[in-house]
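1. one predicted model, sequence on top.
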Amino acid sequence: MPPAPAGATEAADWKALVGMLRQMEGMGAEDYKQVLRRLFKQWHPDKCQKPWAARFFDAIRQHEASYRGDQNFSWLDEESIERAVA
């Protein structure tokens, strides 16, 4: 996932992240691992200066748990920017 353009809003970043997480649902384990690492690096609160980085990082961690666990990603469909950034 390319870095967000300068001036990107929180909602735009969230939309891009959700789109990537949805694409990751059907990936094989190796591809998933590579994309997951890239997202972790991009959104790690110690590396990303955006105030919403920690919440986005938590969403990525939740996706990883779903991928490795029950493969149930319905929470992502129900998630909204309002809840994600609350």
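-> Everything's here; your move.
2. return the list of helices and strands in contact with the helix or strand hosting residue 12.
-> In this structure, residue 12 sits in helix 10-24 according to DSSP states H and E. When contacts are defined as 3 or more C-beta pairs under 8 Å, 6 or more residues apart in numbering; DSSP states H and E, helix 10-24 sits against helix 29-43, helix 53-68, helix 74-78, helix 81-84. (Each C-beta comes from the backbone N, C-alpha and C, glycine too.)
3. any buried residues in the third one, and which?
-> The reference is to helix 74-78. residue 76 (16 or more other C-beta atoms under 10 Å).
4. export it as PDB, just CAs?
-> Extracted C-alpha coordinates of helix 74-78, given in PDB (Å, rounded to 0.1, in the frame of the first residue of the first chain):
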ATOM      1  CA  SER A  74     -17.500  -9.700   9.400                       C
ATOM      2  CA  TRP A  75     -16.300  -7.200  12.000                       C
ATOM      3  CA  LEU A  76     -14.600  -5.300   9.200                       C
ATOM      4  CA  ASP A  77     -17.900  -4.800   7.300                       C
ATOM      5  CA  GLU A  78     -19.500  -3.500  10.500                       C
END
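5. what's that helix packed up against?
-> helix 10-24, helix 53-68.
6. ok and the longest one relative to helix 29-43, angle-wise?
-> With axes from the mean of the first three to the mean of the last three C-alpha atoms, to 10 degrees applied, the angle from helix 53-68 to helix 29-43 works out at 170 degrees.
7. pLDDT score for residue 42?
-> Looking at residue 42, its pLDDT is 97.
8. would you check how far apart it and residue 71 are?
-> Distance, residue 42 to residue 71, using C-beta to C-beta, to the nearest Å: 24 Å.
9. when those two are compared, which one has more neighbours?
-> residue 42 (20 against 8; other C-beta atoms under 10 Å).
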